[in-house]
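Asker: return atomic coordinates for the entry below.
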Amino acid sequence: MKVFGQRKRAAAAALAAGALLAGLTACTPGNPGTASPGASSVPAAPSADQPSTTAPASPSAEPGTSATVGAMVPGFPEQLLPVMPGAKVVSSSFDKTTTPATAALVGSIQAPSAEVLAFYTQHLLAQGFTAVPGETVGAVPSKDFLRGDNETVNISVLETAGVSTFTIGANVAAESVK
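Answerer: Below is the predicted model:
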């Protein structure tokens, strides 16, 4: 049995998980219990005795690699991986320095996980991807797609209280992201 892009898929999953963690960290108040329902989500400037929560630039980041929280990163292949209508971008990342290029998107929407998977399945099938058998990883709805020998996409959805948080990790050819 031939395994397609396990390392790239694992890297995309790790990148997506890191983006989700960054998004969750950015949404967590620095001093629990002090946030009020109408409080602004813009963090206050750190004082001399309070450490900054802004991470320094990564020394390993290369030109062409970018990630952001709460928005679509510039250059993200939105034609290939669009944001589902009505969804909010939690985080996104894109690395065009690798072959294949890697992209990750974390979003949330008030919709059942089945709707999220159906939207992305229809979109990816229309672009020539083939759905790989299997609908879950453990209890988490998850779907894998393959195009050619080295283009892969994984979509995982976690639904809680009517809100689905989805993570998409993709490894795609450079010509797919133009």
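
Asker: which ones are touching Ala87?
Answerer: The contact partners of Ala87, taken as C-beta atoms under 8 Å, 6 or more residues apart in numbering, are 107-109, 166. (Each C-beta comes from the backbone N, C-alpha and C, glycine too.)

Asker: so Met72 makes contact with Phe94?
Answerer: No - using C-beta atoms under 8 Å as the test, Met72 is too far from Phe94 to be in contact (9.1 Å).

Asker: of these two, who's got more company?
Answerer: Neighbours of Met72 and Phe94, each counted by other C-beta atoms under 10 Å, are more numerous for Phe94; the result is 25 against 17.

Asker: shouldn't that one be within a helix?
Answerer: No - Phe94: not assigned to a helix; according to DSSP: H, G, I helix; E, B strand; the rest coil it is strand.

Asker: so how far is Ser113 from it?
Answerer: Distance of Phe94 to Ser113, computed by C-beta to C-beta, to the nearest Å: 25 Å.

Asker: is it possible to export the contacts of Ala87 to a markdown table including secondary structure and pLDDT?
Answerer: A markdown table is the format used below for those (DSSP: H, G, I helix; E, B strand; the rest coil; pLDDT from 0 to 100):
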| residue | secondary structure | pLDDT |
| --- | --- | --- |
| Gly107 | strand | 96 |
| Ser108 | strand | 97 |
| Ile109 | strand | 96 |
| Phe166 | strand | 96 |
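
Asker: need those residues in CSV (columns: neighbour count).
Answerer: Converted to CSV, those look like this (neighbours: other C-beta atoms under 10 Å):
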residue, neighbour count
Gly107, 22
Ser108, 19
Ile109, 22
Phe166, 27
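
Asker: quick one: end-to-end length of stretch 100-118, please.
Answerer: Using C-alpha to C-alpha, to the nearest Å, the span of stretch 100-118 from its first residue to its last is 25 Å.

Asker: what score does Ala44 have for pLDDT?
Answerer: Per-residue confidence at Ala44 stands at 43 (pLDDT).

Asker: next: Glu115.
Answerer: The model's pLDDT for Glu115 equals 95.

Asker: just the element for it, please.
Answerer: Glu115 is located in helix 113-126, with elements delineated by DSSP states H and E.

Asker: who are the packing partners of that helix?
Answerer: strand 130-131, strand 140-147, strand 151-160, strand 163-172 (3 or more C-beta pairs under 8 Å, 6 or more residues apart in numbering; DSSP states H and E).

Asker: find the one among these with the highest mean neighbour count.
Answerer: Comparing the helices and strands packed on helix 113-126 on average neighbours per residue, with mean count of other C-beta atoms under 10 Å, the densest one is strand 163-172 at a mean of 24.

Asker: that one to strand 140-147, inter-axis angle?
Answerer: Compare the direction of strand 163-172 with that of strand 140-147 by axes from the mean of the first three to the mean of the last three C-alpha atoms, to 10 degrees and you get 20 degrees.
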